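Visitor: Fold the following and give me the result.
(2 chains)
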2 protein chains.
Amino acid sequence: MYKAEITVKLKKGVLNPEGQTILKALNFLGFNEVNDVKSFKSIELEFDAENEEKAMERLTEMCNKLLANPVIHDYEIKLEKN
Amino acid sequence: MYKAEITVKLKKGVLNPEGQTILKALNFLGFNEVNDVKSFKSIELEFDAENEEKAMERLTEMCNKLLANPVIHDYEIKLEKN
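Guide: Down below sits the predicted model:
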């Protein structure tokens, strides 16, 4: 059994509306010292794999097919044996 | 200038509908080896603070006032000088 954490971030230059909304809200609440906010998603998976190489292969497939949009997202994979 | 990464996770026992939806979609796409999926949000902030102690104080305030719902969320703060 393996455990992976996949972090999906917007590529540089792609607008982060959620981050902008959080920034405005923080400033509105009096946290004016905040200059920039970016938000991103992380996904924790538990899954079976024969070995680490196969695990990374399948994770990359999962990212490309579902978890990340290659046009606007970059993703990072952290893998550990569970 | 400081940079912080705040990870906001659902507390143990709180249903993660987004994670369940991702799990079903992965299984539907043929990734049947995936047994569990949890999703969570991370927020990256750039802000000014006098020192590390004041920075942590303000970040905790931001989490309690806006970024995390203390009833259903746990949060972790990673802080670095920018």
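Visitor: How about the residues of chain A by chain B?
Guide: Counting by C-beta under 8 Å from any C-beta of the partner chain, chain A comes close to chain B at A:1, A:7, A:19, A:22, A:25-26, A:29, A:31, A:33-49, A:58, A:61-62, A:65-67. Every residue, glycine included, has its C-beta placed from N, CA and C.
Visitor: Could you tell me which of the residues you listed belong to strands?
Guide: Using DSSP state E, A:7, A:34-47 are the members of the residues of chain A next to chain B that sit in strands.
Visitor: of all those, which two lie farthest apart?
Guide: Distances among these were taken as C-beta to C-beta; the most separated pair is A:35 and A:47, at 38.8 Å.
Visitor: neighbour count winner among these two?
Guide: Neighbours were counted for residue A:35 and for residue A:47 using other C-beta atoms under 10 Å in any protein chain shown; residue A:47 has more, 22 against 13.
Visitor: Looks like the more buried one contacts residue A:56 (just checking).
Guide: No: with contacts counted by C-beta atoms under 8 Å, residue A:47 stays clear of residue A:56, the gap being 11.7 Å.
Visitor: Many thanks, have a good one.
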